[in-house]
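> coordinates only, sequence not included:
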C-alpha cells in the first residue's frame, strides 16, 4: 500500500518542492518549432523521457504505445515533403489576413531538430478484448496521448523542446514509417535542445488566439450548468489562472 | 523570449529539484478506484488542478476542453447505473478465470469520491477550420486528453486520487450530462483525497498484466526498425526503467 516515493504529509501530498517542480514543467512547456539547436540528445536523457512516457496511464494496463526514433535524413525528408503538401492545402482553408498570418507561422522543425519521434498506438497490443476499452474504443488512443504529454513535460524539465507535427496526411505518414493497418501514428514529434523557451505560446503572442478565462470553462452537474450561488470556486479559479500567468502556480 | 520561470542552467533545464518533483508525480500517479475518503476538496486545490489542465497543449491554441464538476447525487447515481450496465456486459466478454478476476476488480469510485469531473471536448470551440486540425480531425480530442493527464499529475502532487471511468456507454453519458452532439465526453473522472496510493498499478499487482520492458517498445526509422549496431540507448533504457521501478527516475 505504501508508495516507494514517500509523501511528506499525512494527506499524501508530494512535498512543496516537488509540487513546484511539476507545476513549473506544466506552465513552461511549449510547442517548439523554431528554436532547435542541432546538438544530439544524450542517451540517458532520451531514455528518461521515454520511460516517463511509458509510465503514463493506460486502459487495462495495455501500454499500447511504441516509440519510433527517426534519425535517418531520407525518412525525415519524406515526412517534411508530406508536411509541405498538407500545409499548402491547409493555407487555402483560411482567408485574407488570416491566411497571410498562417503562412508566416513556422509550424514544424522536422529537419532542424536533431531527432524526430513518432509515438504510435498498437491497437492489438493486448488482444481484441481489453479491460476498460469494451465500450469506448478510442481509450487506447487516449492512453497513448497521455504518454505523449508525460514525455513532453519530462522533455521540458530536461531542457528539450518538443513540437507536435499534426499538419500531415496520416496515410502518407503510415506509408513512410511502414506502419501496419492496426498501428495508429498518434503523434509525430520533433525533439531537441533549444536556444530558449518562449514565455507564452507563439499562437498567443502572434495574435492567432487568446488564452480563455477558466471560469467560463467550468460548469456544474450538466453542460453549461450554473455555479451554485455563493460558491467560492469562481474566485479560486481566477486567482489560480492569474498565478499561472505569472508562472507561480502552487507557490 | 525569456520564460517567466527561470531556468537554473544554460541548457534550459529546470533545476534538479524541479525535475525530481515532476518525475515523482509521473511515477507515483495511480488510477484510483478504492481508496477515496469523503472529505471535500478545498476550492484552491480544485482550482489549481483545473488550471494545470487548462495549461495543456492544444491544437491551434484551441483550448477545446470544458470541465463539468459533478457533485449532485442524482446525477452520479445515473452515471453509476450506466457503469453497472456496461460493466455487466464487459464481464461477459472475458472467459473462465479471467472473467472471475475481472469481476473481483473494483473499477470505479463514482459514489465513493467526493467529486466527479467530466472533461469534455467542444469540437466547435474555434470554428470549423482549426490550425493544425485540418488533416487529423482527432487532434482536438488528443488536446483534451493532454488536459486530462496534466490534471491527473497535478492531482497526484496535491494528494488527490483520480480514477478514469471508461466502462460506460458514451451515448448514455451524453444524455445524463445534457451534452450537445458536438461535445465529446473524453474522460469521466472520480476525484478526491485518498487513504493512500498503491506502490504499483492494481492491474499489475493483481496479475492482470505486467509492465512491458521499454527496450522492446523502441524502434528506429521505421516500424520495428532495429537499433543501429553499438547503440548505447538500449542500456540507457534498461537503466532508466530500473530507476523508475525504484521511484528514483531523474536522481
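Alright, I've got the coordinates. Only a predicted model underlies this, so the values are computations on that prediction, with no experimental measurement involved.
> Residue in the stretch 1-150 of chain A with the shortest distance to chain B?
The nearest approach of the stretch 1-150 of chain A to chain B comes at residue A:21, 2.4 Å away (CB to the nearest CB). Every residue, glycine included, has its C-beta placed from N, CA and C.
> how many other residues sit next to residue A:40?
12 (other CB atoms under 10 Å in any protein chain shown).
> who touches it in this structure?
Residues in contact with residue A:40, defined by CB atoms under 8 Å, 6 or more residues apart in numbering or on different chains, are A:114, A:115.
> Model confidence for it, exactly?
For residue A:40, the model assigns a pLDDT of 95.
> where in chain A is pLDDT low?
Along chain A, the parts satisfying pLDDT under 70 run over A:1-10, A:251.
> can we see that at 90?
Scanning chain A for pLDDT under 90 picks out A:1-11, A:227-231, A:250-251.
> domains for it, by residue range?
If you go by automatic domain parsing, the domain ranges for chain A are A:30-210, A:212-243.
> Mind putting these into a markdown table with distance to residue B:69?
Converted to a markdown table, the domains of chain A look like this (distance: least, CB to CB, whole Å):
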| stretch | distance to residue B:69 |
| --- | --- |
| domain A:30-210 | 21 |
| domain A:212-243 | 5 |
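> Single out the most deeply packed of the ones you listed.
With neighbours defined by mean count of other CB atoms under 10 Å in any protein chain shown, none of the domains of chain A is more surrounded on average than domain A:30-210, at a mean of 20.
> how distant is it from the center of its chain?
For domain A:30-210, the distance from its own C-alpha centre to the chain's C-alpha centre is 7 Å (CA atoms, centre = their mean, to the nearest Å).
> picking that back up, the residue of the stretch 1-150 of chain A closest to chain B is in contact with residue B:19, isn't it?
Yes: the pair residue A:21 and residue B:19 passes the contact test of CB atoms under 8 Å, sitting 6.4 Å apart.
> Those two: which has the busier surroundings?
Taking residue A:21 and residue B:19 together and counting by other CB under 10 Å, residue A:21 has the greater number of neighbours (28 against 24).
> does that one sit in a helix or strand, and which one?
Element membership for residue A:21 (DSSP states H and E) is helix A:16-28.
> what's that helix in contact with?
A:8, A:13-14, A:153-154, A:156-157, A:197, A:244, A:247, A:249-251, B:3-5, B:14-15, B:17-22, B:24-25, B:48, B:52, B:55, B:150, B:153-154, B:157-158.
> Of those residues, which belong to helices?
Under the assignment DSSP state H, these contribute A:153-154, A:156-157, A:244, B:17-22, B:24-25, B:48, B:52, B:150, B:153-154, B:157 to helices.
> Contact partners for residue A:33?
Shown in contact with residue A:33 (CB under 8 Å, 6+ apart): A:106, A:107, A:108, A:109, A:163, A:190, A:202.
> show me what contacts the first one?
Taking CB under 8 Å, 6+ apart, we find residue A:106 in contact with A:33, A:34.
> what ranges do the strands span in the stretch 101-250 of chain A?
Taking DSSP state E, counting those that start in this stretch as the criterion, the stretch 101-250 of chain A contains strands spanning A:115-122, A:160-165, A:183-193, A:218-220.
> would you list these in a markdown table and tack on distance to residue B:29?
Conversion of the strands of the stretch 101-250 of chain A to a markdown table gives the following (distance: least, CB to CB, whole Å):
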| stretch | distance to residue B:29 |
| --- | --- |
| strand A:115-122 | 18 |
| strand A:160-165 | 20 |
| strand A:183-193 | 20 |
| strand A:218-220 | 23 |
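> among the ones you listed, which is nearest chain B?
Ranking the strands of the stretch 101-250 of chain A by their distance to chain B (criterion: CB to the nearest CB) puts strand A:218-220 first, at 4.9 Å.
> which secondary structure elements does the closest one contact?
Contact analysis of strand A:218-220 by 3 or more CB pairs under 8 Å, 6 or more residues apart in numbering or on different chains; DSSP states H and E lists helix A:233-245, strand B:65-70 as its packing neighbours.
> Touching the longest one from outside, list them.
The one in question is helix A:233-245. Residues outside helix A:233-245 that contact it (CB under 8 Å, 6+ apart) are A:27, A:211, A:213-215, A:218, A:227, A:249-250, B:43-44, B:46-48, B:50-51, B:54-55, B:69.
> what's the angle between it and strand B:65-70?
140 degrees (axes from the mean of the first three to the mean of the last three CA atoms, to 10 degrees).
> From the chain's centroid, how far away is helix A:233-245?
Relative to its chain's centre, helix A:233-245 lies at 23 Å (CA atoms, centre = their mean).
> Mind checking the helices and strands packed on strand A:218-220 for the one nearest to residue A:121?
Nearest to residue A:121 among the helices and strands packed on strand A:218-220 is strand B:65-70; the distance by CB to CB comes to 21.0 Å.
> is that closest one up against chain A anywhere?
Yes: Strand B:65-70 lies in contact with chain A when judged by CB under 8 Å from any CB of the partner chain; the contacting residues are B:65, B:66, B:67, B:68, B:69, B:70.
> I'd like the next helix or strand past that strand.
Past strand B:65-70, the next helix or strand by DSSP H and E is helix B:73-91.
> Quick one: check that next one for contact with chain A.
Yes: contact of helix B:73-91 with chain A is found when judged by CB under 8 Å from any CB, involving B:75, B:86, B:89, B:90.
> Report all helices and strands that that helix contacts.
The helices and strands touching helix B:73-91, judged by 3+ CB pairs under 8 Å, 6+ apart, are helix B:96-104, helix B:170-177.
> want to try TSV for these, with distance to residue B:207 as columns?
Formatted as TSV, the entries for the helices and strands packed on helix B:73-91 read as follows, by distance: least, CB to CB, whole Å:
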stretch	distance to residue B:207
helix B:96-104	7
helix B:170-177	30
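> So which of those is nearest residue B:232?
Counting by CB to CB, and looking across all of the helices and strands packed on helix B:73-91, nearest comes helix B:96-104 at 39.8 Å.
> is chain A contacted by the closest one?
Yes: for helix B:96-104, a contact with chain A is found by CB under 8 Å from any CB, at residue B:102.
> ok, and what's touching that helix?
Helix B:96-104 is touched from outside by A:131, B:90, B:91, B:92, B:94, B:206, B:207, B:208, with contacts defined as CB under 8 Å, 6+ apart.
> at 10 Å what do you get?
With CB atoms under 10 Å, 6 or more residues apart in numbering or on different chains as the contact definition, helix B:96-104 has outside contacts at A:129, A:131, B:87-88, B:90-95, B:203, B:206-208.
> which two from the residues you listed end up farthest apart in space?
When the contacts of helix B:96-104 are compared pair by pair using CB to CB, the farthest-apart members prove to be B:88 and B:207, with a separation of 22.8 Å.
> Return the residues in contact with the residue nearest the centre of chain A.
Residue closest to the mean C-alpha point of chain A, counted by CA atoms, centre = their mean, is residue A:149 at 4.2 Å. Residue A:149 makes contacts with A:26, A:29, A:52-53, A:56, A:187, B:56-57, B:142-143, B:145-150, B:152-153, as judged by CB under 10 Å, 6+ apart.
> could you redo the last one with a cut-off of 7 Å?
Shown in contact with residue A:149 (CB atoms under 7 Å, 6 or more residues apart in numbering or on different chains): B:56, B:146, B:149, B:150.
> Good, wrapping up.
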